[in-house]
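> Attaching a predicted model along with its sequence, questions to come.
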Amino acid sequence: MMTKAAISLSTGLEDAEKVTVAFLVAVGAAESGRETLIFLTKEAVRLAINGYARATACAGCPPLAELMDRYRSAGGRYIACGICVKSKGVDPDSLVDNAEVAGTVQLWEWIGDGATTFSY
């Protein structure tokens, strides 16, 4: 049985390189068959808005939209922190279809008996 992968991301497009690294890790996990979840907090909740993530972090880096498409295609999911969504004025209905507004309780329920974790 493969271990789940949980990636915590608190940075948005203000640090596109950090976001790209987080997505490269998430895509690698999801495409290798692991159940993968990205927990979005702070500015990162905006990344789950349909059409928002249109950036390329650096020359030679894959576009963020491409990484997000690969992540979704591999079954990757998001939890967008409910407190953060509300405080940033994000409309929950504007989020991508593989995102849900939830909190830390739901994150821990998803982790269950364990997951490999990364934090960015």
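Yep, that arrived. Just so it is clear, the structure is predicted and the values come from calculations on it, not from any experiment.
> Just the pLDDT for the residue at minimal distance from the centre of the chain.
Central residue check for the chain by CA atoms, centre = their mean: the C-alpha nearest the mean position is that of Ile38, 3.5 Å away. Ile38 is assigned 98 on the pLDDT scale.
> In three-state terms, label it for me.
When classified by DSSP: H, G, I helix; E, B strand; the rest coil, Ile38 comes out as strand.
> For the helix or strand harbouring Ala29, give the mean pLDDT please.
Mapping Ala29 onto the secondary structure by DSSP states H and E places it in helix 16-31. Confidence over helix 16-31, taken as the mean pLDDT, stands at 96.
> mind listing what's buried in it?
Taking 16 or more other CB atoms under 10 Å as the neighbour-count basis, helix 16-31 is seen to contain the buried residues Ala16, Lys18, Val19, Thr20, Val21, Ala22, Phe23, Val25, Ala26, Val27, Ala29, Ala30. No exception for glycine: its C-beta is placed from N, CA and C like everyone else's.
> What of stretch 39-58?
Of the residues in stretch 39-58, those buried by neighbour count under the rule 16+ other CB under 10 Å are 39-41, 43-49, 52-53, 55, 57.
> Now, those that are in strands?
Using DSSP state E to define strands, the subset of the buried residues of stretch 39-58 located there is Phe39, Leu40.
> for the buried residues of stretch 39-58, which one is nearest Thr3?
Phe39 (16.3 Å; CB to CB).
> Touching, Phe23 and Glu66? I think so.
No: under the criterion of CB atoms under 8 Å, Phe23 is not in contact with Glu66, lying 9.4 Å apart.
> in the protein, what spans have low per-residue confidence?
Segments of the chain classed as low confidence (criterion: pLDDT under 70) are 1.
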